[in-house]
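S.K.: here is my input; please provide its structure:
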Amino acid sequence: MRNIYQSLVVAGLQDQIKVSTSVQYGVMGDPGAPLLVNVYPYFSNVGDSQNVDLDYAQFTMQDIVVVDDYNGFEYQNLFDAMVDAVYAALDRVGAGNVDVVVSETSCPSASGFTATVENARVYNTCR
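M.R.: As a prediction, this is how the structure comes out:
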């Protein structure tokens, strides 16, 4: 994976092409080990700002934005929806007993678009 990523960096494509890998569940051994997940709602807003409102990505939305027709869950922020999606995917593949730990989350404070110090402050203090 490192070699593939480095090749993308050399080609200047690391921002357009994401590198990931899958792991066969049996390698986890003890089912008590948590799955670490990086959750970045901000990037969903950057990728599709017409359909993903910044307030929904920033924990500042006042109204319910999404209602999951399958389970009736209501989402006022994208972070909760993303974490629940991980649980739903695990459940779908028979790994619903795996704990999920959010290992990283934040909003960048610079680099353009809506990445500002103020938006980073809002995201990092609203929870």
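S.K.: got any ranges where this structure has weak pLDDT?
M.R.: Counting by pLDDT under 70, the chain has low-confidence residues at 1, 21-31, 127.
S.K.: the helices in it, which residues?
M.R.: Here the chain has its helices, by DSSP state H, at 2-11, 41-47, 54-57, 78-92, 117-126.
S.K.: just list whatever residues bridge to residue 100.
M.R.: Taking DSSP bridges as the rule, residue 100 bridges to residue 35.
S.K.: ok, it - contacts?
M.R.: 34-35, 37, 83, 86-87, 90 (Cβ atoms under 8 Å, 6 or more residues apart in numbering). (Each C-beta comes from the backbone N, C-alpha and C, glycine too.)
S.K.: looking at those, which is nearest residue 10?
M.R.: Nearest to residue 10, judged by Cβ to Cβ, of the contacts of residue 100 is residue 37 at 28.5 Å.
S.K.: pull the number of nearby residues for that closest one.
M.R.: As a burial measure, residue 37 scores 16 neighbours (other Cβ atoms under 10 Å).
S.K.: contacts only, for it.
M.R.: If you count contacts by Cβ under 8 Å, 6+ apart, then residue 37 has 83, 86, 100-103 around it.
S.K.: on that earlier part again, okay if I get the helices of the chain as CSV plus mean neighbour count?
M.R.: Listed next are the helices of the chain as CSV, based on neighbours: other Cβ atoms under 10 Å:
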stretch, mean neighbour count
helix 2-11, 11
helix 41-47, 18
helix 54-57, 21
helix 78-92, 16
helix 117-126, 14
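S.K.: got CSV for the ones you listed, with distance to residue 69 too?
M.R.: Below are the helices of the chain laid out as CSV (distance: least, Cβ to Cβ, whole Å):
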stretch, distance to residue 69
helix 2-11, 37
helix 41-47, 20
helix 54-57, 18
helix 78-92, 13
helix 117-126, 27
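S.K.: related to what we said a few turns ago, out of the contacts of residue 100, who's nearest residue 52?
M.R.: residue 83 (15.9 Å).
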